[in-house]
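S.K.: Pasting the sequence and the predicted coordinates here, then a few questions.
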Amino acid sequence: MKSLMNVAWMSLLALSASPAGAQNAAPAPKPTIVTTRAAALMQTVRLDRLTFGPDDNFQPAPFSDGRSLLFTRKAHMNPVLEILDINRRELSSWRSNLRDVDSASVHASSGQVVFRSLERTPDGEICLTNAMSESVSCLKLLNGEKSSPFWITDTKIGFVRKERGSANVTLEVYDTRSQQSRTLNNSKLFHPSASIDGRLITWVERLARQGEQQKIQYASFDGERLGELCTPRIAWPGLSAYPRFSRDGKFLVFSHYLADTNQDGRIDGDDNSILARIPLPAKGCPTETQFPEPLTSLAENCSQPGLSPDRMIVACAFEGSLDLYALPETGVIPTAWTESELLSAHFSARTPEDRLLFLLTLAARANANSAISRPLLLRGVFGQALLMNDEAGGLEWLRELRTRGAGLSTAEAATFDKILKNGAARRSEPPGELSLTLRQSLENSLRGLAGSSFLEAVGRASTHRMIGGPGSLAKARAELMKAAARPAESDLSFLAFSHEWQQTGDLDEAPYQERLAKTKMSEPSQLIYWAKSLERMENAKNRETQLHRWANAKDLSPAVRKLLELELLAMKVQKGEKDAYLNFDKVITPVRDQSVLVRLAAYRAIHLWTASDRLQEVEWITTNLFKFIPAHTLESTYAKEYFIATSFDRGYEHIRLGQPQAALGHFYGAVVTTDNLEAHWGYLTQMVAAGREKLIDANINELKKRNFINETENLVRLYAELARLKGALPEDSAGWLSKVEKAEPRPDAFASFLRGSVRLQRILEKPEIKEDERREELEKARVELILALDGARNNERLKAQTLTNLGLLGNRAKSWGPAQKWWQERLEMPFLDEDSRFLALYLRAQALVGLQDFHQASEILDGLKLPAGHFLEAPLRHLRIQAAAYAGRHEKVLELNALSPNPYQDMNDLKRGLLVGRSLVALERTTAACQTLTAVKEGLARVNAGALPEHPSGQNPRRLRIINAGYLARCETGTTAARTRLAELQSLLQIPVEERKALAFFETSFLETRMKTQVRLWLAHGDLSNDSVAAYLLDLEAHRAAAGQFVNLGQFEALYALGSLTLTAKTRPEGAPLEELKTRMDSFLSSSRKSLTTSDLLVAQRVKMEAVRWKLDGMKADDFRRRLEASEDLTGLGARNAFLAKQVREALEWMQAL
């Protein structure tokens, strides 16, 4: 049973009230048994979510009032700035007339905003505006790429400039009064910012001599020049980024990539980042190596800190999209926690990421009076790197341990070094793939691990496991057995052994326990290892005999013997033996002060007894556990979550088996112990399923009478209303939702899930809802479900159902990108039945079709099998044809079409006919294509299109007529017929923007089609005129404005086609149209070199575009050939993708002769 880990309640926002308001306020709910327990729980601060995707939201720039902030929202390649009212959670566009803008910085006192604009040039412009004014002015600066603008003082703006075609990067300062800029620093730097008073400037520098290592630097600034350069030495591995000064100037806050979280064998910007801070000296530079204080966990993946007066705004990416969150500027660990509380939290933490957070906090706060020295803490940090399989970070921590003399022998450290280097090398290649070179390297490394020590045997086992395959795994197990027979060098060596034992699996537990019993370590560590071993041997045949033997062993500590004794007694309770619980209680009560022993024994008991439905005993031990564990500890929080998890595991299992009477007992136990809302819902639904709904009100009254619920009472009664409807919606569902929102006493993941799910059901089942209300409900449902997903990170069932509903919502809203992501994540989790999995695959394929990933969609759909008469039979057939057609599987389209009725009568048939005609065109079956498409044209002519749809519709006959005309234009082969069809198509394409929107045409693809049609008309007529080229370029500008970027397929095809035609046409454009064409080609080339989505295809497009551009300038054949031979793009493309490079060379051969 997997335990829940560190899911804390989110805090309610504190609202200030006037004295009059306070007098009229309703009395606070009387504390219940549960709320009294909850108030005492020790918890880390939960991040407060501010934005909800699906686009990336980042680069927060808070205003000085602390109530609002600017940030960048980026959909596809199009960045815009938006403003958020933090308290009201209201979003609005900022300067809606501005596009392609990002990197905003707000002046602390004046509120002026400086930002980067890419709208007019791909090099970027630095622009500024007053927050209250609509006017925008852009600075006149030197050539080169400009980025990262920031305020230094009210008259000075800093930014980064990179010379075009050069690696030189400079830090520049611009004076708004003199309108002059000058260079402050000439190093390779990025992410600069200044302190509020403008006296300090900081940045991150990439030091070439240290490879990819990035270090924070800062210097004083007197208004003219930088002072002494400070480079703080940070005692962490990895890379730093985004440094910011705290508002009081006492700290430097930054992001840090600390561990190889994506398991590729190195630490880089693709890994999760952690936020941290270091103190700044009052004068001068730091002289000692500093231990940063972590502010967030690796699991949260946060960066880009923006500091406002009362909180820190950060961008985090742990739920897919990059979104903004708020947290205290002191981080997620309260500053009031003492060293003993942090140590307790570390021992209680369930994940390596959480333990790492607490250990690094202890190291940062350590001083001469600390109970644990930094070297000892760093041993713990190194151990967490081992458990996270972070070999790259482990190597860095190992060097730190060696430097500080942290108790590792030279031989042991050398062996760890070899093991970690092997692991990092293995992770440099994808899982399941092993190149011959790496395999030989790993096999050769075994010679360096050929010694007889305990850790060397572990290293050999690890290496064999990395090599993989049945033979190597057998060798790995044999080496672990050898290790078990030898003494461990240290607690770290035993940790590596234990972790390897767990990863390799399928081993007899007895040798492990023998080695564990003989290894010296702290008592808490012994207990934890033994508990893990008990978990692994749960299904062993000789389990009870083995436990009896160890329980009487003299060489075990008293605490370990007690744990084994309690395990044996718990097994007796599990079997239902008489007085077994009384005997268990007699043994555990006297050791109640031994927190680690009590928690492990109690958790094992809860797990065993829940599995065998010993509900009364579970309630007894849980009650005692809450008494035994000190209330003000993180362990009390985890204890509550563990109990909920085990109760729900068993409750949902009974639901799956159709046993509501048994299920409701498990949920009721969680209700009276934790007042958990999911437990309430499970209990209520199973009362209804068991036919006991008439008792629900009486039971709720009894819970209130026994002081188990108070503030949740109204909400539970509303849940009861919904449960009684057995999946149907309340008659006034909007009214029910309104009541629920008012009744919720605290933010809660399940409450958000249920509200979001009811809203989604309203959208899907109530066609009478107006479109505006539907859109509003969709957005509310999406936000509520994302909040549920945030809170359900460790609740697999709730997470699975939330992902399902988010996927349904994404498909309904045609938000294909998020929908595909939700379905993909959902499909990685188990399903209760095959129908649910089929539906998830079908809807994911539908989302992939929406994303135009037709190949993957078609492959998924090929594998779906349906029984005859299934309600999805017809939609599946149509989706299969659509995906196959656009994937280029044209024979498959005809095969699938043969299974369908042939006449093209209704709209579904006409849409199918379009796809069939398209495939026939692609297969060059011209006669059949023209017959099919003509039949579709005639069928569409019989359909009354009516007025334009009020809301965008992809099913309108007007739209299908345009698409059909496009296919007909392609099926004609005769010159005259082709010209006629193309002219008809071009005429149909001259519809205004409003009509294009109503017919659900994507502006970019529509304009792209119009441009391609024009090019085909030019080809058919063989000449170009200045007027037609000028009109074409206007369409091209509209296409660029709609796409929001220079670099896309439409831009390339349009420019390349027009450029190629210009070289060969009988009459060619000249003057202004020709120069405009060249300028646009230059913009494409410049943008392509700094595109975030560089690919081999883009490089190929760039080479072909450059070639046309050279020819437009009249380059001779010999010069043209030499320039191509010197092209780094073409050389690199040949090395990476020989097939694509060959295609490019063939495409350019005709140019060389011009």
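M.R.: Yes, it's here.
S.K.: shouldn't L98 be in contact with V136?
M.R.: Yes: between L98 and V136 there is a contact at 7.1 Å, judged by Cβ atoms under 8 Å. Every C-beta, even on glycine, is put in place using the N, C-alpha and C of the backbone.
S.K.: same for the lengthiest helix in the chain, what does it pack against?
M.R.: Longest helix in the chain by number of residues (criterion: DSSP state H): helix 634-656. Counting by 3 or more Cβ pairs under 8 Å, 6 or more residues apart in numbering; DSSP states H and E, the packing neighbours recorded for helix 634-656 are helix 339-348, helix 595-611, helix 615-628, helix 660-674, helix 677-689.
S.K.: Alpha carbons only: can I get stretch 867-877 in CSV?
M.R.: Taking Å, rounded to 0.1, in the frame of the first residue of the first chain, the C-alpha atoms of stretch 867-877 are listed here in CSV:
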residue,chain,number,x,y,z
PRO,A,867,-18.3,-4.9,-30.7
ALA,A,868,-21.0,-4.5,-33.4
GLY,A,869,-23.7,-2.0,-32.4
HIS,A,870,-21.5,0.0,-30.0
PHE,A,871,-22.6,3.6,-29.7
LEU,A,872,-19.1,4.7,-30.9
GLU,A,873,-19.0,2.5,-34.0
ALA,A,874,-19.9,5.2,-36.5
PRO,A,875,-17.8,8.0,-34.9
LEU,A,876,-14.9,5.7,-34.7
ARG,A,877,-15.1,4.8,-38.4
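S.K.: Going by neighbour count, list what's buried in it.
M.R.: L876, R877 (16 or more other Cβ atoms under 10 Å).
S.K.: quick revisit: can you check which of the helices and strands packed on helix 634-656 gets nearest to I201?
M.R.: Set against I201 and scored by Cβ to Cβ, the helices and strands packed on helix 634-656 come closest in helix 339-348, at 34.2 Å.
S.K.: Would you mind checking the average pLDDT for that closest one?
M.R.: For helix 339-348, the mean pLDDT works out to 87.
S.K.: how much does that helix deviate in direction from helix 634-656?
M.R.: Between helix 339-348 and helix 634-656, the angle comes out at 30 degrees (axes from the mean of the first three to the mean of the last three Cα atoms, to 10 degrees).
S.K.: Centre of the chain to helix 339-348, how far?
M.R.: What separates the centre of helix 339-348 from the centre of its chain is 29 Å, taken as Cα atoms, centre = their mean, to the nearest Å.
S.K.: Next, the angle from that helix to helix 595-611.
M.R.: Interaxial angle, helix 339-348 versus helix 595-611 (the same axes, to 10 degrees): 40 degrees.
S.K.: okay, helix 339-348 in PDB with CA atoms only?
M.R.: Extracted in PDB, the C-alpha atoms of helix 339-348 (Å, rounded to 0.1, in the frame of the first residue of the first chain):
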ATOM      1  CA  GLU A 339      16.200  22.600  14.700                       C
ATOM      2  CA  SER A 340      14.500  19.700  16.600                       C
ATOM      3  CA  GLU A 341      11.300  20.300  14.600                       C
ATOM      4  CA  LEU A 342      13.200  20.200  11.300                       C
ATOM      5  CA  LEU A 343      14.900  17.000  12.400                       C
ATOM      6  CA  SER A 344      11.600  15.500  13.300                       C
ATOM      7  CA  ALA A 345      10.200  16.600   9.900                       C
ATOM      8  CA  HIS A 346      13.200  15.000   8.100                       C
ATOM      9  CA  PHE A 347      12.700  11.700   9.900                       C
ATOM     10  CA  SER A 348       8.900  11.800   9.100                       C
END
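S.K.: Render the CA-only coordinates of the helix or strand just after it in PDB, please.
M.R.: Note on helix 339-348: by DSSP states H and E, the next helix or strand toward the C-terminus is helix 352-365. Extracted as PDB, the C-alpha positions of helix 352-365 are listed here (Å, rounded to 0.1, in the frame of the first residue of the first chain):
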ATOM      1  CA  PRO A 352      13.700  11.900  -1.000                       C
ATOM      2  CA  GLU A 353      12.700  15.400  -2.300                       C
ATOM      3  CA  ASP A 354      11.000  16.300   1.000                       C
ATOM      4  CA  ARG A 355      13.900  14.900   3.100                       C
ATOM      5  CA  LEU A 356      16.300  16.800   0.900                       C
ATOM      6  CA  LEU A 357      14.400  20.000   1.500                       C
ATOM      7  CA  PHE A 358      14.600  19.600   5.300                       C
ATOM      8  CA  LEU A 359      18.300  18.500   5.300                       C
ATOM      9  CA  LEU A 360      19.300  21.500   3.200                       C
ATOM     10  CA  THR A 361      17.300  23.800   5.500                       C
ATOM     11  CA  LEU A 362      19.100  22.400   8.500                       C
ATOM     12  CA  ALA A 363      22.500  22.900   6.700                       C
ATOM     13  CA  ALA A 364      21.600  26.500   5.900                       C
ATOM     14  CA  ARG A 365      20.600  27.300   9.500                       C
END
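S.K.: name the helices or strands packed onto the next helix or strand after helix 352-365?
M.R.: Per DSSP H and E, the first helix or strand lying C-terminal to helix 352-365 is helix 374-387. Helix 374-387 is packed against helix 352-365, helix 391-404, helix 491-504, with contacts defined by 3+ Cβ pairs under 8 Å, 6+ apart.
S.K.: gap between F150 and K156?
M.R.: 10 Å (Cβ to Cβ, to the nearest Å).
S.K.: if you count what's nearby, which of those two comes out ahead?
M.R.: F150 (23 against 19; other Cβ atoms under 10 Å).
S.K.: Surely the more buried one and G158 touch.
M.R.: Yes: the pair F150 / G158 is scored as a contact, 5.1 Å apart, by Cβ under 8 Å.
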